[in-house]
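Asks: Mind looking at a prediction? Sequence and model below.
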Amino acid sequence: MLLCCSGATKDMGKMLGGEEEKDPDAQKKEEERQEALRQQEEERKAKHARMEAEREKVRQQIRDKYGLKKKEEKEAEEKAALEQPCEGSLTRPKKAIPAGCGDEEEEEEESILDTVLKYLPGPLQDMFKK
């Protein structure tokens, strides 16, 4: 029983703020461990870069075989096509509509009312004009 308690009292002393046993090579071991982790991370990144390069090579072969384009190239062409004005086209992009077009709702309503008033008999026209 004394053996069991003696180990527990050492741990209790550390918890209560007692002196811990210092390993003289602890700093050196920690530096070696950090260096090993760094090296493993670099190897992992290099491996993934190689794998991605191989994948891109296969993707490019498929694109060449079927005449496909990269997503970036396709988006650039679509953007250029939208910016280029089409001669003789009846449609136009929304941003080409001049400012003020379609904003004149009040004037349209008044012109419709005037049109309706023209077809009413004289006495009714007088009532609506007031």
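Replies: Received the coordinates, thanks.
Asks: Longest helix in the protein, please.
Replies: Scanning the chain for the helix with the most residues, using DSSP state H, yields helix 26-66.
Asks: avg pLDDT for that one?
Replies: Across helix 26-66, pLDDT averages out at 95.
Asks: Please apply the same query to stretch 83-101.
Replies: 61.
Asks: count of neighbours near Ala26?
Replies: By the measure other C-beta atoms under 10 Å, the count of residues near Ala26 is 9. Using the backbone N, CA and C atoms, a C-beta is placed for each residue, glycine as well.
Asks: and if you look at Lys79?
Replies: Other residues within reach of Lys79, judged by other C-beta under 10 Å, total 10.
Asks: now swap in Gln125 and tell me
Replies: There are 13 residues near Gln125, going by other C-beta under 10 Å.
Asks: Check the one 3 residues further on too.
Replies: Counted by other C-beta under 10 Å, the residues lying close to Phe128 total 10.
Asks: From what I see, it and Leu117 are in contact.
Replies: Yes - Phe128 sits in contact with Leu117 when judged by C-beta atoms under 8 Å, with a separation of 5.8 Å.
Asks: so how far is Gln61 from Glu54?
Replies: 11 Å (C-beta to C-beta, to the nearest Å).
Asks: Can you tell me how far Glu32 is from Asp25?
Replies: Spatial separation of Glu32 from Asp25 under the definition C-beta to C-beta is 10 Å.
Asks: So for the two, which sits in the more crowded spot?
Replies: Looking at Glu32 and Asp25 with other C-beta under 10 Å, you find the greater number of neighbours at Glu32, namely 11 against 8.
Asks: how near is that one to Gln39?
Replies: In this structure, Glu32 lies at 11 Å from Gln39, with C-beta to C-beta as the measure.
Asks: Equivalent analysis for Phe128, please.
Replies: Taking C-beta to C-beta, one finds Phe128 at 90 Å from Gln39.
Asks: buried stuff in stretch 53-72?
Replies: By neighbour count, and taking 16 or more other C-beta atoms under 10 Å as the criterion, stretch 53-72 has no buried residues at all.
Asks: Can you show me the CA trace of that stretch as CSV?
Replies: The C-alpha trace of stretch 53-72 is given here as CSV (Å, rounded to 0.1, in the frame of the first residue of the first chain):
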residue,chain,number,x,y,z
ALA,A,53,0.0,17.9,-61.7
GLU,A,54,-0.7,14.4,-62.9
ARG,A,55,-4.4,15.0,-62.7
GLU,A,56,-4.1,18.2,-64.7
LYS,A,57,-2.1,16.4,-67.3
VAL,A,58,-4.9,13.8,-67.7
ARG,A,59,-7.5,16.5,-67.8
GLN,A,60,-5.7,18.4,-70.5
GLN,A,61,-5.4,15.2,-72.6
ILE,A,62,-9.2,14.7,-72.3
ARG,A,63,-9.8,18.4,-73.2
ASP,A,64,-7.6,18.0,-76.3
LYS,A,65,-9.2,14.7,-77.3
TYR,A,66,-12.8,16.1,-77.1
GLY,A,67,-12.1,19.7,-78.0
LEU,A,68,-13.2,21.0,-74.6
LYS,A,69,-12.0,24.2,-73.0
LYS,A,70,-11.0,25.1,-69.5
LYS,A,71,-13.6,26.7,-67.3
GLU,A,72,-11.6,29.9,-67.1
